[in-house]
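1. Sequence plus the predicted model coming up.
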Amino acid sequence: MGVQDLVYWLLSKPAVSRTLSRTGMRSGFAHRFVAGETLEEALAASQRLAAGGRRVCLNHLGENVAGEEQARAAAESYVEMLRQIRQRSIDGNIAIKLTHLGLDLGRDLAIQLAGGIAAQARELGLSVEIDMESSEYTSVTIDVFEAVRRKFDNVGMAIQCYLRRSEDDLKRLEPLHPKIRLVKGAYREPPNVAFQDKAEVDQNYARLLDRLLDGPFFPAIATHDPQLVDYAERRIANKKLAPDRYEFQMLFGIRRDLQNKLRAEDHPLRIYVPFGTEWFPYFMRRLVERPANTLFVLRSLAAEGFFAGKRH
């Protein structure tokens, strides 16, 4: 059984899911990848990162709200994050998920709320990044992004390199000259939608990164793969790219050794800092991405006595 299969098998076991959700923060293993359940915890973590020369990207975890009231509450939480970033003089921005802003309820609502957040961010001199979710949302996410970006140039978005369509999506977005956060992708997608082989995903990452570096984009190079980081560094050096023309991005708590290396080499680095009570889906996607993450959690569960039948 592969690591991905193991994680999805664990997710199919309600007792495991309940234990992880209930004990993750208390036991500490969720804190490895999630800054906490409150904005105050996330801001404290962000200030520590900023003191170490890192930029941050705050993300209030949440997806697929059930009603407009929840969507508007999520939008207000994002605006409060922006206010706190400015008030505390943190070098940061925020990431938003459109399903958190009611995308399932209608495209117009998501455009309205995302545009309102972008407007508040612009007033504060800050920026917003739109996360990419599973492939069923890719097209509509790009539609919403284009609508918001035409009014607000402080909005960027993520593109997932494992999707077969992503090169065409970059061609489509090129006239907007946007910031693009290039990620591998962490959702389970079928072979006709996404590359399945790591070598193919890596090759496409390098190909899309070349397009970003050579085109009218601001590249946000979001990877924890040392080989891809090395490739990006070589390309940046060859192009003599100034530090204000790109940045690296990494996730909170992952490959801190590589984070330190990039900062020691004076590359701009932004850390994606997630928080919130709805941390479990994000957390599980981190397990899928790296086998070491899964082993880390399994060891924590064993220490809790879960596999010995000590379920609380």
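-> On my side now, so go ahead. Residues are numbered from 1 along each chain as shown.
2. what bits of the stretch 151-300 of the chain have low per-residue confidence?
-> 287-300 (pLDDT under 70).
3. all helices for it, in order.
-> 166-173, 198-214, 226-239, 256-264, 280-289, 291-304 (DSSP state H, counting those that start in this stretch).
4. Then the stretch 1-150 of the chain?
-> 3-11, 14-27, 39-51, 68-87, 107-123, 138-149.
5. Where does pLDDT dip in the stretch 1-150 of the chain?
-> 1-29.
6. Dump the helices of the stretch 151-300 of the chain into TSV; add distance to Ile85 and mean neighbour count as well.
-> No exception for glycine: its C-beta is placed from N, CA and C like everyone else's. Formatted as TSV, the helices of the stretch 151-300 of the chain follow (distance: least, C-beta to C-beta, whole Å; neighbours: other C-beta atoms under 10 Å):
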stretch	distance to Ile85	mean neighbour count
helix 166-173	26	17
helix 198-214	25	17
helix 226-239	26	15
helix 256-264	20	14
helix 280-289	20	19
helix 291-304	28	16
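7. ok, the residue lying closest to Arg72 once chain neighbours are set aside to Glu129 distance?
-> In space, and not counting its chain neighbours, Arg72 is closest to Leu113: 6.9 Å by C-beta to C-beta, 6 or more residues apart in numbering. Leu113 is 15 Å from Glu129, where distance means C-beta to C-beta, to the nearest Å.
8. quick one, what contacts Val273?
-> Ala35, Ala42, Ala45, Ser46, Leu49, Val56, Cys57, Leu58, Asn59, Phe252 (C-beta atoms under 8 Å, 6 or more residues apart in numbering).
9. mind giving me JSON lines with the helices of the stretch 1-150 of the chain and columns for distance to Ala186 and mean neighbour count?
-> Converted to JSON lines, the helices of the stretch 1-150 of the chain look like this (distance: least, C-beta to C-beta, whole Å; neighbours: other C-beta under 10 Å):
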{"stretch": "helix 3-11", "distance to Ala186": "10", "mean neighbour count": "16"}
{"stretch": "helix 14-27", "distance to Ala186": "17", "mean neighbour count": "15"}
{"stretch": "helix 39-51", "distance to Ala186": "20", "mean neighbour count": "18"}
{"stretch": "helix 68-87", "distance to Ala186": "21", "mean neighbour count": "18"}
{"stretch": "helix 107-123", "distance to Ala186": "21", "mean neighbour count": "20"}
{"stretch": "helix 138-149", "distance to Ala186": "14", "mean neighbour count": "19"}
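10. Format those helices as JSON lines; extra columns: distance to Leu258.
-> Below are these laid out as JSON lines (distance: least, C-beta to C-beta, whole Å):
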{"stretch": "helix 3-11", "distance to Leu258": "20"}
{"stretch": "helix 14-27", "distance to Leu258": "24"}
{"stretch": "helix 39-51", "distance to Leu258": "15"}
{"stretch": "helix 68-87", "distance to Leu258": "25"}
{"stretch": "helix 107-123", "distance to Leu258": "29"}
{"stretch": "helix 138-149", "distance to Leu258": "28"}
